[in-house]
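Trainee: Predicted model and sequence below, questions to follow.
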Amino acid sequence: MKQVEINDKSRRDFIKNAAIVTAVTATCGSLACSCSSKQEVVSNKIQLLSPDGEIVEIDSAYLNHHENMAVLSQHEQRVGIAGKKFVMVVDLARCKNARKCITACQKHHYRSEDKEWLTVKLMQDSEKGSPYWFPKQCFHCDNPPCVKVCPVDATFKRQDGLVLIDNDRCIGCKFCMAACPYSTRVFNWDEPEMPLDIMNLNYNAETGVPAKVGTVEKCDFCPDRSREGLLPPCVESCPNGVFYFGDENEDTVTNGDETLSFTQLIKDRAGYRFLEELGTKPRVYYLPPKDRQFPVERGYENLPDTIKARFKDIMEPGKK
Amino acid sequence: MELNTYQQEAFNYQRPNIEKFGKKNMMWSIFFLAWILVGGYALYLQIAKGHIVTGMRDNVVWGLFIVNFIFFIGLSYAGAIIGGVLHLLKVPWGKPIVRLAQMMTLISVIVGPIFILLCVGRFDRLHHLFIYPRIQSPMTWDVMAVVTFFAGAVLFLYMALIKDFAVYRDAKMNIPKWKQKLYKILAIGYRGAASQKRHLIISQNLLAIIMVPLSIIVASILSWIFGMTLRPGWHSTIFGPYFVLGALYSGCGVLIVAMWVYRKMYKLENYFTNKHFSYLGYGMMVLGAGYGYFTFSEYFTDWFGSAKWDNEVINKLFSFHEYGGWTLFANLAGIVIPILIVAIPATRKPNWITLSAFVMVIALWVKRYLIIVPTLETPALPMQDTRMEFVKYSATWPEWALTFAGIASFLLFFTIISKFVTVVPVSGLEEVNFPHEPHHHDHEPVSVKKEEIKTV
């Protein structure tokens, strides 16, 4: 009986949340649109659920605003998107180190080539174990060691599960970098190079733009894209659908092609979290590299030499 | 201020050090200032170009600066503990060296924190530590600890100096007017009245009672910056006491070296006697044994358990391709040699003890480096980076320049303070403070030296 009640409640919550999210998305879109005068209105109508529960038709141009135009207050950036609980599932059986995710991420965040918020490691769990490609972004831990140690609350955990950075507040002590067991965070050791118009923007924790010298930055799970109803660039750009991104509350994840139940996917494919024993409770799950779609060499052969050198020890053991 | 013969003697003997700066001291000071200037230029580069001028990168995010921070701040905590304990236990032979310990406390609590600030990427945002403090962070604990300790250290040294300031004020020394005035202000009207004496001693006792446990707390908090992370080699339950002991041990060493230098420089053989070297040597030996025991427990537990991540760090520390040589040095020179030197009667002599203390202090600096860098070079995920500087830390010249500037300012402070106050406290000296020494005012070498001074 109790179970039923809870289910009923959560269903009602879900509907309520969904309505709020849609409303927020729509408002953001229209606000952003009113700021950007150049945007042409294309007559491409899409249907949305209004806060009153009615289906309304809105021009899609209103939703497709410029990613850095988001008008979010400091408070909104820290609270997060209501009702969401972002989660990612990485299918290791599909990764062939195509590295499209990395370039897409760098492009989206205006980062130079040496700044890899998302990186692909070559893992070999044991001596006899077969190596496999291991894409790794920020795990947005539920018990984040980085947030615990920040002395000025510059890095914070949001209601929607994301761990973001306020780089206007960061003092650059790098304690979070020392505390993160996954080497996720990167530091602006010198003045970052970015287009001038981007450099002059107000900092937005949801986009991580613009970068600032002497501060820490990292993967942000692109909530700016989520607000637009889009997937993060790494998910979209992956040719093999390695990344499933979604909402734990909705129990749905998608890689753009297929949309699956999060719990079912984890159950069926024996999903696990990296270094679970550290107790950090990551929000990123991995599906073991079983029945792989590509031999590991496929991700090595055609790499540029500079990147190839990273994996030489494992791929060409005898050679030095 | 009425002085007894011992006090009068001690004052007259040290008086020229306050009245004149001295050529040698001037040269040393200029030398130290030159180093500080070079460090200043390095600091300018770091601020202008960013931390790119240092050897620190995304894996090894902290380097020489934090090593220096641990080192200096450790000396400071040690000075407070040694000074506090000697004061509270009323150790008779401790009287002449208490001031040295307190000077070390104050100077290193000034120099140390500069190095943690150098680790910070944004100098312009340091006030964020106070306007957005976040109490969960061990860094915030450390900010509070250092600030509290700094206040305590200043008071502790000052309280111990009030009586002496009154002596300097009344002595009609041959010094500039501003200095005379300074002593007058600092002596805050102390005349040696019974009530003044009582208040002063109560304050000093209270401060000593506060400073000793405070030092232990703040040294532990310092260790927790590392101990509270999940990293191998850092995430250890004994890190608190280990840091306390390491700090005390290196502080004892620096105290011995400082005693030796001042004894040479100001000919203080009658105050810093051979006995003092032996006694502090015994202290050093006991602390060394305790510190060695902690070191052994730490390495042995990690090695025996041999969990993968822990083992990676241990292998780096003990492999001669990596840090093996330094580990050997840190433990031989930092533990074995000082213990042997003090234990063997033939080498239990001031020069030998000082030499071993000096080498031990360097070894303990190296040990701090071995705590910081190898762990940071061992992340959980393979680094797989082709940029060598991201994989392996190697300090750059600005980091070294700032390190030497720190040491130079440490020494410069010592030089300057010894020109304002007598290194051996004048007030409060009694006959009991001179163990196993003949009445020193009848002692021949002293009278000879006194004449030397007169002729200068």
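Mentor: Arrived safely. Numbers count the residues shown, from 1 in each chain, chains lettered A, B, ... in the order given.

Trainee: from here on, contacts and neighbour counts on C-alpha atoms
Mentor: Noted.

Trainee: Just the pLDDT at B:Gly22, thanks.
Mentor: According to the predicted model, the pLDDT of B:Gly22 comes to 88.

Trainee: Would you list the phi and psi of it?
Mentor: Backbone torsions for B:Gly22, taken as degrees, to the nearest 10, come to phi 90, psi 140.

Trainee: A:Trp133 too?
Mentor: Backbone geometry at A:Trp133, expressed as degrees, to the nearest 10, gives phi -80, psi 140.

Trainee: what sits against it?
Mentor: For A:Trp133, the contact set (CA atoms under 8 Å, 6 or more residues apart in numbering or on different chains) comprises A:Leu92, A:Cys95, A:Lys96, A:Asn97, A:Val120, A:Lys121, A:Leu122, A:Met123, A:Val296, A:Gly299.

Trainee: where's it relative to A:Tyr203, distance?
Mentor: Applying CA to CA, to the nearest Å, one obtains 33 Å for the distance of A:Trp133 from A:Tyr203.

Trainee: got the residues of chain A near chain B?
Mentor: Within chain A, the positions adjacent to chain B are A:121, A:123, A:145, A:148-153, A:169-175, A:177-179, A:181-183, A:185-187, A:189-191, A:213-215, A:278, A:306-307, A:309-311 by CA under 8 Å from any CA of the partner chain.

Trainee: I'd like the list of those that fall within strands, please.
Mentor: Filtering these for membership in strands, criterion DSSP state E, returns A:Lys121, A:Met123, A:Val186, A:Phe187.

Trainee: Select from those the one having the most neighbours.
Mentor: Neighbour counts for those, by other CA atoms under 10 Å in any protein chain shown, peak at A:Phe187, which reaches 23 neighbours.

Trainee: Show me the beta-bridge partners of that one.
Mentor: Beta bridges link A:Phe187 to A:Val216, judged by DSSP bridges.

Trainee: Between which two of the ones in strands among the residues of chain A next to chain B is the distance greatest?
Mentor: The largest distance within these, taken as CA to CA, falls between A:Met123 and A:Phe187 and amounts to 24.1 Å.

Trainee: Report the contact partners of A:Glu297.
Mentor: Here A:Glu297 is in contact with A:Met315 (criterion: CA under 8 Å, 6+ apart).

Trainee: just B:Lys179 next, same as before
Mentor: The contact partners of B:Lys179, taken as CA under 8 Å, 6+ apart, number zero.

Trainee: For it, which three-state class applies?
Mentor: Using DSSP: H, G, I helix; E, B strand; the rest coil, the structure places B:Lys179 in helix.

Trainee: Can you give me the neighbour number for B:Asn205?
Mentor: Neighbours of B:Asn205 under the rule other CA under 10 Å: 16.

Trainee: A:Asn97 too?
Mentor: Here the count is done by other CA under 10 Å, and A:Asn97 has 24 residues near it.

Trainee: again with the one 10 residues further on
Mentor: By other CA under 10 Å, the residues close to A:Lys107 number 13.

Trainee: Could you count how many residues lie near B:Thr301?
Mentor: The number of residues packed around B:Thr301, counting by other CA under 10 Å, is 11.

Trainee: how about B:Asp58, what does it touch?
Mentor: Applying CA under 8 Å, 6+ apart, one finds that B:Asp58 lies in contact with A:Met177, A:Ser183, A:Arg185, A:Val186, A:Phe187, B:Phe390.

Trainee: from these, which is closest to B:Gly121?
Mentor: The shortest approach to B:Gly121 among those belongs to A:Phe187, at 9.1 Å (CA to CA).

Trainee: The closest one reaches A:Glu217, doesn't it?
Mentor: Yes - using CA atoms under 8 Å, A:Phe187 is in contact with A:Glu217, at 6.2 Å.

Trainee: can you confirm B:Glu399 is in a strand?
Mentor: No - B:Glu399: not assigned to a strand; according to three-state DSSP it is helix.

Trainee: What separation do you get for the closest residue to it other than its chain neighbours and B:Leu117?
Mentor: With CA to CA, 6 or more residues apart in numbering or on different chains as the measure, B:Thr54 is the residue that lies nearest to B:Glu399, at 6.1 Å, once sequence neighbours are left out. When CA to CA is applied, the distance between B:Thr54 and B:Leu117 equals 14 Å.
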